[in-house]
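Visitor: When you get a sec, could you give me coordinates for this:
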Amino acid sequence: MKKTKLFTIVPVVLGMSLLLVDGQKANAGVITINSQSPDTVTVNGQSGGSQSSNCGNIPPNANHILELTESMPYLRLTVESQGEGKPTLSIKGPGGDFCVMADSYSGGKAEMSGYFEKGQYQLKVGELSSKEHPYTLSISREKK
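Guide: Got it, this is the predicted structure:
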C-alpha cells in the first residue's frame, strides 16, 4: 500500500478551499451568451436571501454569473416570480451596479434592457417581501 504524505495533500485541499471561499462564484451557475446563443435563455431559482439591501432581500452570493463573450447591442433580463413574490434583480458588472425592481409597467416583473458590454455580470435575484419565491430569469436578445 502506497503512503501519501500529508504535506502533499494539505496544499491541494487548502488551495481548493480558498477557491470556494472567494466570494461570488462559489454557488452560482455560469450562463455564457454570445451572438451565436439562442435568442432567449431561461433559468429558474429561488428569490430572496438573508441580506437586507436597497434591492430587497438578496442572497450573499450571486444566483447566476452572466458571461458575455462579446458586447451585446441589445439584451433584456427579466425576472418573473412564480408566486406572489415581488422580485428584484441586482446586477454587478463592467458598467456598474444596478438594482431593478418589479413594477406595474413590466407586469410585476423586474426587467432591464439595453446595451450590455462584454464581461462578467453577477446576478442576485432578491425579493421585496421577507419570503422566498420560485422565479424564472429570462435573458433575451430579441426586442419586444
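Visitor: where are the low-confidence patches of this protein?
Guide: Filtered on pLDDT under 70, the chain yields the residue ranges 1-28.
Visitor: go again using 80 as the cut-off
Guide: 1-28, 83, 144 (pLDDT under 80).
Visitor: now the helices: where do they sit in it?
Guide: Secondary structure of the chain (DSSP state H): helices located at 6-21.
Visitor: burial count for G126?
Guide: 29 (other Cβ atoms under 10 Å). Any C-beta I mention is one placed from the backbone N, CA and C, and that applies to glycine too.
Visitor: And the one 3 residues further on, by the same measure?
Guide: In terms of burial, S129 registers 16 neighbours under the definition other Cβ under 10 Å.
Visitor: so who does it touch?
Guide: 48, 57, 84-86 (Cβ atoms under 8 Å, 6 or more residues apart in numbering).
Visitor: What of L123?
Guide: Neighbours of L123 in contact, by Cβ under 8 Å, 6+ apart: 28, 62-66, 77, 89-91, 137.
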